[in-house]
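[1] Task: produce atomic coordinates for the following.
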Amino acid sequence: MAEKTAAVNNNEALDPAMAHEGPDAGKIISVMSAFLEYTAKHLPDDVLKKLGELRSAETEPLALEIYDLMFRNIEMADKLSRPVCQDTGYMQFWIRCGAEFPLIGELEEILTAALLEATSAAPLRFNVVETFDENNTGTNTGTGAPTFWWDIIPGWDGCEIYTYPAGGGCSLPGHAMVLMPGQGYEEAVLFVMDRMTSYGLNACPPLFVGVGFGASAETAAMNAKRALMRPVGSHNQNELAAGMERLLEDGINAIGFGPQGMGGKYSVLGVNIENTARHPATLGVAVTTGCWCHRRGCIEFDRELNYIAKTHSDFVFR
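    Numbering: from 1, shown residues only. Model (predicted):
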């Protein structure tokens with residue numbers, strides 16, 4: 001999951017009022033709150049680059065006008081310090097944490113505190129509704145919210161945190177299933193294309209598409225989400241999977257969504273596939289999408305809490 005990096009030695013003194021179970025936790029809360037606010041208002045470097053490439057290659061007049069409006073929106077979000085999209089998402093964290101990272105036991109509480117601060121500071125729209133009770137919590141937190149996924153890395157004392165505010169529209173095409181015995185990768189391609197042609201417009205194209213394969217519906221779904229954390233333009237290390245990425249990218253582009261579904265040469269920012277081993281009789285497959293303003297972030301801390309903002313080279317905590 002290598003990304004463009006910008007290293008920052010973050011040794012500023014923090015307000016003691018920010019402390020949470022000690023000054024180190026207070027520091028990471030402050031940095032993460034600022035990072036969540038920044039990533040709501042600024043797209044990742046790779047997404048900006050790809051959008052620029054798609055705009056440069058476009059020839060349809062209406063599509064070009066929509067791209068111009070997108071970039072105007074991006075510029076105004078920066079100038080006015082406002083979120084780049086009104087739907088600031090349902091926050092999800094993917095944590096790749098070293099087993100020796102000093103704050104590993106407090107991270108979920110720390111990140112929840114950072115989200116609460118960012119919700120007020122940014123501000124972020126309230127997007128957490130308690131299921132069945134149907135009440136909006138007004139804090140962007142709730143039962144099981146935010147969502148945390150973990151990878152524990154033995155022998156490492158750093159921590160890499162992926163932030164992903166999943167918008168409502170980009171979550172709508174999401175689907176997972178297990179193919180029947182005898183069905184194969186051709187059926188998996190048809191499954192993805194069916195979801196894109198049926199629901200892709202809901203996710204504000206051009207889309208960033210994550211596809212997962214695994215032993216069951218839930219492992220495939222996790223792999224699809226993991227695929228969205230990879231950089232735009234990266235490819236699966238397996239040559240066959242990388243070939244399917246290119247095949248699906250060409251196929252979804254051929255649908256002709258264009259920006260915002262109004263027609264154009266390109267429908268996707270890219271297609272990423274992540275896979276794990278499967279049972280010989282089954283093939284789990286899943287798809288999920290990110291919208292044109294794919295706001296995932298990645299920040300890495302060492303044990304002293306110096307950080308590298310991997311997705312946003314201009315981010316500096318002050």
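
[2] Please report the distance of residue 219 from residue 92.
    17 Å (CB to CB, to the nearest Å). (Glycine included, C-beta is placed from N, CA and C.)

[3] next helix or strand past the helix or strand of the chain with the lowest mean pLDDT?
    Scoring the helices and strands of the chain by mean pLDDT, DSSP states H and E places strand 7-8 at the bottom, with a mean of 38. Sequence-wise, the next helix or strand downstream of strand 7-8 (DSSP states H and E) is helix 23-41.

[4] Give the buried residues for that next one.
    For helix 23-41, burial by neighbour count (16 or more other CB atoms under 10 Å) applies to 24-41.

[5] what about residue 281, how many residues close to it?
    9 (other CB atoms under 10 Å).

[6] try residue 264
    Neighbours of residue 264 (other CB under 10 Å): 26.

[7] got a list of what residue 236 touches?
    242, 245, 272, 273, 274, 275 (CB atoms under 8 Å, 6 or more residues apart in numbering).

[8] And residue 225, by the same measure?
    Going by CB under 8 Å, 6+ apart, the list of residues near residue 225 reads 92, 94, 149, 210, 212, 288.

[9] Contacts only, for residue 130.
    Applying CB under 8 Å, 6+ apart, the residues near residue 130 are 137, 142, 143.

[10] Buried among those residues? Make that a ChimeraX selection.
    Those of those that count as buried under 16+ other CB under 10 Å are selected in ChimeraX with:
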select :142
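
[11] Include distance to residue 59 when you put the contacts of residue 130 into a markdown table, please.
    Below are the contacts of residue 130 laid out as a markdown table (distance: CB to CB, whole Å):
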| residue | distance to residue 59 |
| --- | --- |
| 137 | 46 |
| 142 | 46 |
| 143 | 48 |
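
[12] I'd like the contacts of residue 130 as JSON lines, with pLDDT and distance to residue 266 appended.
    Output for the contacts of residue 130, formatted as JSON lines (pLDDT from 0 to 100; distance: CB to CB, whole Å):
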{"residue": "137", "pLDDT": "98", "distance to residue 266": "38"}
{"residue": "142", "pLDDT": "98", "distance to residue 266": "37"}
{"residue": "143", "pLDDT": "98", "distance to residue 266": "39"}
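
[13] The contacts of residue 130 in strands, which ones?
    Taking DSSP state E as the definition of strands, the contacts of residue 130 contribute nothing to them.

[14] and of the contacts of residue 130, the nearest to residue 232?
    residue 142 (30.7 Å; CB to CB).

[15] So what sits opposite the closest one in the bridge?
    residue 145 (DSSP bridges).

[16] Poorly predicted segments of this protein, please.
    1-23 (pLDDT under 70).

[17] now residue 178: how far from residue 198?
    19 Å.

[18] higher neighbour count, those two?
    residue 178 (21 against 11).

[19] The more buried one in helix, strand or coil?
    Secondary structure assignment for residue 178 (DSSP: H, G, I helix; E, B strand; the rest coil): strand.

[20] What's the local residue count around residue 154?
    7.

[21] ok so, going back, can you put the contacts of residue 225 in CSV and add distance to residue 184, secondary structure and neighbour count?
    Output for the contacts of residue 225, formatted as CSV (distance: CB to CB, whole Å; DSSP: H, G, I helix; E, B strand; the rest coil; neighbours: other CB atoms under 10 Å):
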residue, distance to residue 184, secondary structure, neighbour count
92, 31, strand, 19
94, 29, strand, 22
149, 28, strand, 15
210, 20, strand, 25
212, 16, strand, 27
288, 21, strand, 26
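
[22] Can you show me the strands along the stretch 101-250 of the chain?
    Here the stretch 101-250 of the chain has its strands, by DSSP state E, counting those that start in this stretch, at 147-153, 159-166, 175-179, 207-214.

[23] Mean neighbour count, those: which tops it?
    strand 207-214 (a mean of 27; mean count of other CB atoms under 10 Å).

[24] Show me what that strand is packed against.
    helix 185-199, helix 217-229, helix 239-255, strand 268-275, strand 283-290 (3 or more CB pairs under 8 Å, 6 or more residues apart in numbering; DSSP states H and E).

[25] Show me which positions of the first one end up buried.
    Read it as helix 185-199. 188, 189, 191, 192, 193, 195, 196, 199.

[26] for those, which one is nearest residue 173?
    residue 199 (3.9 Å).

[27] quick one: the nearest residue to the closest one once chain neighbours are set aside from residue 54, how far?
    For residue 199, ignoring the flanking residues on the chain, the nearest one in space by CB to CB, 6 or more residues apart in numbering is residue 173 at 3.9 Å. For residue 173, the distance to residue 54 (CB to CB) stands at 19 Å.

[28] In terms of neighbours, single out the busier of those two.
    residue 54 (23 against 20).

[29] Thought residue 66 was touching that one, still the case?
    No. Between residue 54 and residue 66 there is no contact under CB atoms under 8 Å: 10.8 Å.

[30] Common neighbours of those two, please.
    residue 259.
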